[in-house]
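**Student:** Provide a 3D model corresponding to the input given below.
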Amino acid sequence: MNVGMVAYHYPHAAHREEFISRVRQVRDVMLRTPGCLSGECWASGDAVISIVRWESEDARAASFAAVAEAGVDVAYDERESRPRDIVPLVAA
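**Tutor:** Just a heads-up that it's a prediction; the model follows:
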């Protein structure tokens, strides 16, 4: 069963380009893991939006483990103006 995630990030304007780069780095690591079907980075207003799709929950977990192992910066900190909105998805 396919699973996915849409994550809305709200970086401060001074960190927007850096944040987009960070999201792209996460996407690139995830796309190299087996079972990751797609990964995209979008921008709308003050939000940077990441959308990822996997073939299974196990593939999703493997992607996040790969990101942690790669040491990619995914920290939520003062560079963001408000908490992230993360929406997990399951194919209907």
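
**Student:** average pLDDT for stretch 3-23?
**Tutor:** Averaged across stretch 3-23, the pLDDT comes to 97.

**Student:** and for it, what are the contacting residues?
**Tutor:** Outside stretch 3-23, the residues that touch it by CB atoms under 8 Å, 6 or more residues apart in numbering are 41, 43, 46-54, 56-57, 59-60, 72-74, 79-91. All C-beta spots, glycine's among them, are computed from the backbone N, C-alpha and C.

**Student:** For that stretch, buried residues please.
**Tutor:** By neighbour count on 16 or more other CB atoms under 10 Å, the buried set for stretch 3-23 is 3-11, 15-16, 19-20, 22-23.

**Student:** Quick one: end-to-end distance for it.
**Tutor:** 19 Å (CA to CA, to the nearest Å).

**Student:** can you pull out the strands in this structure?
**Tutor:** Remark: strands assigned in the chain by DSSP state E are 3-9, 36-44, 47-54, 85-90.

**Student:** For those strands, give me a markdown table that also has distance to F64.
**Tutor:** Putting the strands of the chain into a markdown table (distance: least, CB to CB, whole Å) gives the following:
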| stretch | distance to F64 |
| --- | --- |
| strand 3-9 | 10 |
| strand 36-44 | 10 |
| strand 47-54 | 10 |
| strand 85-90 | 12 |
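
**Student:** So for this structure, the centremost residue is which one?
**Tutor:** In the chain, the centroid-proximal residue (CA atoms, centre = their mean) is S50; its distance is 4.7 Å.

**Student:** That residue and S44 touch, don't they?
**Tutor:** No: taking contacts as CB atoms under 8 Å, S50 lies outside contact range of S44: 12.0 Å.
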